[in-house]
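Chemist: Okay, structure incoming, though there's no sequence with it:
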């Protein structure tokens, strides 16, 4: 009996697996592990872009490549449209913070409202990215494709290089496409969480921890965009 009693005591220790030694929920720890691994992937892509960018004597000028506002003007507004995209994504991160805060107070209606705003922001960002891609396709850019040689000079402020243009085009569509896939995944997750909130799943559980975990992913997507924006549009 004494030996069984000792085993039972072992099972209740903080290191037995019954609860986290850091007092953090298991699912949240796993989300952090996933985000860390995903950060390595984005870092590798951006480091490669930086290596290509600074190993070339010339490179397409972002102010000349991204100077349109789709549907309004084809030139004369450098980085305005991507600035709007960035503002939309950042604001969606703010609404996600508010949804998490409302969840801590078990305020179901507020969680629903802020989650709807977050989903709308995500869709707006994806729509803006689709418009930007469509405009670039019309300009002649694409994965493995660049504008005609006589049109390249419009995108350079220094010497023209078709090799640099091709690398820029390939990396732009690869990295922004990879990020866009993450945004789309985040929107899908947010819609699922929104539906679960409306159905009262978290209200019955007594907590909105899933909102917080999905919020971590959404903030990560926003943070990555800051680096993508810096590398492609500012440098």
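Modeler: Great, that's in hand. Just so you know, these numbers come straight off a predicted model, no measurement behind them.
Chemist: Next, the buried residues of stretch 98-115.
Modeler: By neighbour count on 16 or more other C-beta atoms under 10 Å, the buried set for stretch 98-115 is 98, 99, 100, 101, 102, 103, 108, 111, 114, 115. Glycine gets a C-beta too; all of them are placed from N, C-alpha and C.
Chemist: what separates that stretch from the chain centre, distance-wise?
Modeler: The chain centroid and the centroid of stretch 98-115 are separated by 22 Å under C-alpha atoms, centre = their mean, to the nearest Å.
Chemist: what's the span of stretch 138-149, first residue to last?
Modeler: Start-to-end span of stretch 138-149 (C-alpha to C-alpha, to the nearest Å) is 15 Å.
Chemist: any idea of the mean pLDDT for it?
Modeler: Mean per-residue pLDDT for stretch 138-149: 89.
Chemist: picking up where we left off before, the buried residues of stretch 98-115 into CSV, with extra columns for pLDDT?
Modeler: Converted to CSV, these look like this (pLDDT from 0 to 100):
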residue, pLDDT
98, 96
99, 95
100, 93
101, 94
102, 93
103, 92
108, 92
111, 95
114, 96
115, 96
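Chemist: Save those as JSON lines, and put in distance to residue 126 and secondary structure too.
Modeler: JSON lines is the format used below for those (distance: C-beta to C-beta, whole Å; DSSP: H, G, I helix; E, B strand; the rest coil):
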{"residue": "98", "distance to residue 126": "21", "secondary structure": "helix"}
{"residue": "99", "distance to residue 126": "19", "secondary structure": "helix"}
{"residue": "100", "distance to residue 126": "22", "secondary structure": "helix"}
{"residue": "101", "distance to residue 126": "25", "secondary structure": "helix"}
{"residue": "102", "distance to residue 126": "25", "secondary structure": "helix"}
{"residue": "103", "distance to residue 126": "25", "secondary structure": "helix"}
{"residue": "108", "distance to residue 126": "27", "secondary structure": "helix"}
{"residue": "111", "distance to residue 126": "23", "secondary structure": "helix"}
{"residue": "114", "distance to residue 126": "19", "secondary structure": "helix"}
{"residue": "115", "distance to residue 126": "17", "secondary structure": "helix"}
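Chemist: distance of residue 146 from residue 50?
Modeler: 20 Å (C-beta to C-beta, to the nearest Å).
Chemist: the more surrounded of these two?
Modeler: Shown here are residue 146 and residue 50; by other C-beta atoms under 10 Å, residue 146 has more neighbours (22 against 13).
Chemist: Just to check, that one is in contact with residue 165?
Modeler: Yes: under the criterion of C-beta atoms under 8 Å, residue 146 makes contact with residue 165 at 4.6 Å.
Chemist: what's near enough to touch residue 42?
Modeler: 175, 178, 179, 224, 227, 228 (C-beta atoms under 8 Å, 6 or more residues apart in numbering).
Chemist: what do you get if the cut-off is 6 Å, keeping everything else the same?
Modeler: Residue 42 sits next to residue 224 when contact means C-beta atoms under 6 Å, 6 or more residues apart in numbering.
Chemist: Please work out the average pLDDT along the helix or strand hosting it.
Modeler: Element membership of residue 42 [criterion: DSSP states H and E] is helix 26-54. Per-residue pLDDT over helix 26-54 has a mean of 91.
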